[in-house]
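Enquirer: Quick one: sequence plus predicted model below, questions after.
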Amino acid sequence: MTAAQAAAPPVLQLEQVARRRAGRAAVQDLSLSLAPGQVLGLLGVNGAGKSTTLAMIAGALRPDSGSIRLNGDDFLEQPELARRLIGWLPERAPVWPELTVTEHLDAHARLRGLRGDALRGAREAIVERLELLPLARRLAGALSQGQRQRLGLACALLHRPALLVLDEPANALDPVQVGALRKLIREQATAGTAVILSTHVLVEVTAICDRVAILHEGQLRYEGSVRGDDHAALERTFFDIAMNNGKAQAA
Ligand SMILES: Nc1ncnc2c1ncn2[C@@H]1O[C@H](COP(=O)(O)OP(=O)(O)OP(=O)(O)O)[C@@H](O)[C@H]1O
């Protein structure tokens, strides 16, 4: 992230966001912000509230309370902003099994308002970048899990979003593809895209992210840089959560 990007207004701003699911608080009083070109990792164990948070940011779930702003605009009042500004890869990337990879990308592009040459240009660029050409004529329903994940990522990136929301993006990817994913995310950040991604793997955060927010039982337990002095505190907090359910261990 450049100094200019750091000084820009936040692409994403959550204030005191809360959401209950199945009668329990899935996310509580969550406040976060994300500048252009910044990569934020949402780290937490199973059930911590990561997917619920990302689904609210992507506009798929409405918060019970709190506000979400995209580039300063109240996104809850203008849900169409999400479609324009956000690229979302959900935890299990949904596919239309009867469409080919190309048809899939075209359908997504149309949903984002792309048509004609703009649509073709965007599709060709993403097919090349994600090396999807050998799969272009395959039915989406016949793809492996990792290939589906790549298609989901391509759909999220197709319209060059200002904010990329990635739920466990390394799921089902082999080590080569994980390396390619890390490179792609850093490339997006360098181009000014803000990225928020979820994971339960600490090394994933340190490899890709600039900042980290640890969620546990729906609450923000830690927020800071992944580097420098913050790193030890990050490791200690996550270790306490993963090994000891969030309670500091006796010395
Ligand atoms: N579809 C749903 N219906 C009801 N409750 C849900 C649903 N999805 C999640 N929850 C609940 O919301 C809470 C937060 O779950 P969430 O999926 O956001 O966590 P997570 O951190 O993404 O977990 P994981 O790493 O296992 O994907 C949990 O208590 C979970 O049981």
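Expert: Sure, I can see it.
Enquirer: quick one: secondary structure of Gly121?
Expert: helix (DSSP: H, G, I helix; E, B strand; the rest coil).
Enquirer: That one: how many residues sit nearby?
Expert: The number of residues packed near Gly121 is 12, by other CB atoms under 10 Å. For every residue, glycine as well, the C-beta is placed using N, CA and C.
Enquirer: before we move on, what about Ser65?
Expert: 12.
Enquirer: tell me the contacts of it?
Expert: Gln16, Val17, Ala18 (CB atoms under 8 Å, 6 or more residues apart in numbering).
Enquirer: if you set the cut-off to 6 Å instead, what comes out?
Expert: By CB atoms under 6 Å, 6 or more residues apart in numbering, the contact set of Ser65 is Ala18.
Enquirer: Any idea what it is bridged to?
Expert: Bridge pairing for Ser65 (DSSP bridges) gives the partners Ala18.
Enquirer: again with Ala213
Expert: Leu42, Glu223.
Enquirer: ok now do it, which residues does it touch?
Expert: Leu32, Leu42, Leu220, Glu223.
Enquirer: same thing but at 10 Å, please
Expert: 30-32, 34, 40-44, 50, 53, 196, 198, 205, 220-224 (CB atoms under 10 Å, 6 or more residues apart in numbering).
Enquirer: ok, it to the ligand distance?
Expert: Taking CB to the nearest ligand atom, to the nearest Å as the measure, Ala213 falls 12 Å from the ligand.
Enquirer: again, but for Val39
Expert: 18 Å.
Enquirer: just the helices in the protein please.
Expert: With DSSP state H, the ranges of helices along the chain come out as 3-7, 50-57, 80-85, 101-111, 116-129, 145-157, 175-190, 202-208, 230-244.
Enquirer: buried set for the longest one?
Expert: Burial within helix 175-190, assessed by neighbour count using 16 or more other CB atoms under 10 Å, is assigned to Gln177, Val178, Ala180, Leu181, Leu184, Ile185, Arg186, Gln188, Ala189.
Enquirer: What is the most widely separated pair among the residues you listed?
Expert: Gln177 and Ala189 (18.7 Å; CB to CB).
Enquirer: re the thing from before, please produce JSON lines containing the buried residues of helix 175-190, extended by pLDDT and distance to Ala22.
Expert: Listed next are the buried residues of helix 175-190 as JSON lines, based on pLDDT from 0 to 100; distance: CB to CB, whole Å:
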{"residue": "Gln177", "pLDDT": "91", "distance to Ala22": "34"}
{"residue": "Val178", "pLDDT": "93", "distance to Ala22": "32"}
{"residue": "Ala180", "pLDDT": "93", "distance to Ala22": "37"}
{"residue": "Leu181", "pLDDT": "94", "distance to Ala22": "32"}
{"residue": "Leu184", "pLDDT": "95", "distance to Ala22": "35"}
{"residue": "Ile185", "pLDDT": "96", "distance to Ala22": "32"}
{"residue": "Arg186", "pLDDT": "96", "distance to Ala22": "37"}
{"residue": "Gln188", "pLDDT": "96", "distance to Ala22": "34"}
{"residue": "Ala189", "pLDDT": "97", "distance to Ala22": "35"}
